[in-house]
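> Sequence and predicted structure are below.
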Amino acid sequence: MKISSVREFRDHATGLLRSKDPVLVTRRGKLAGIFFPSPDVTLPLELKRELFGMLSRAIAVQIKRRGLREEEVLADFERWRKERRAHRRRR
């Protein structure tokens, strides 16, 4: 697994996107994103569990910080899906 800053990822995106290893992208030392190479690469189960836990906690913090309820999040997601479908039909 590789670790890259946002700037490094931007500047060297072509090479990093060809990588066979996942790339953790950081901003000021904190996780900003994760790039997973093509789906034929399998991540170890332990890593998948750790990533799931990290992402779940981060999402929970954002939901709590914004004072949202589950119903609001689901409604927002459904609105986004409908807009996306409508946009695709217009093309």
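Here it is on my side, so go on. Not measured: the values here are computed from a predicted model.
> for Asp23, phi and psi?
Not Asp; residue 23 is Val. When read as degrees, to the nearest 10, the backbone of Val23 gives phi -120, psi 120.
> show me the residues around it that make contact.
Applying C-beta atoms under 8 Å, 6 or more residues apart in numbering to Val23 gives the contacts 1-4, 9, 16, 34-35. Just so you know, the C-beta spots here come from the backbone N, C-alpha and C atoms, and that holds for glycine as well.
> which of those residues count as buried?
Buried residues within those, counting neighbours by 16 or more other C-beta atoms under 10 Å: 4, 9, 16, 35.
> So which elements touch the host helix or strand of Ser4?
If you go by DSSP states H and E, Ser4 is part of strand 2-5. Contacts defined by 3 or more C-beta pairs under 8 Å, 6 or more residues apart in numbering; DSSP states H and E place strand 2-5 against strand 23-27.
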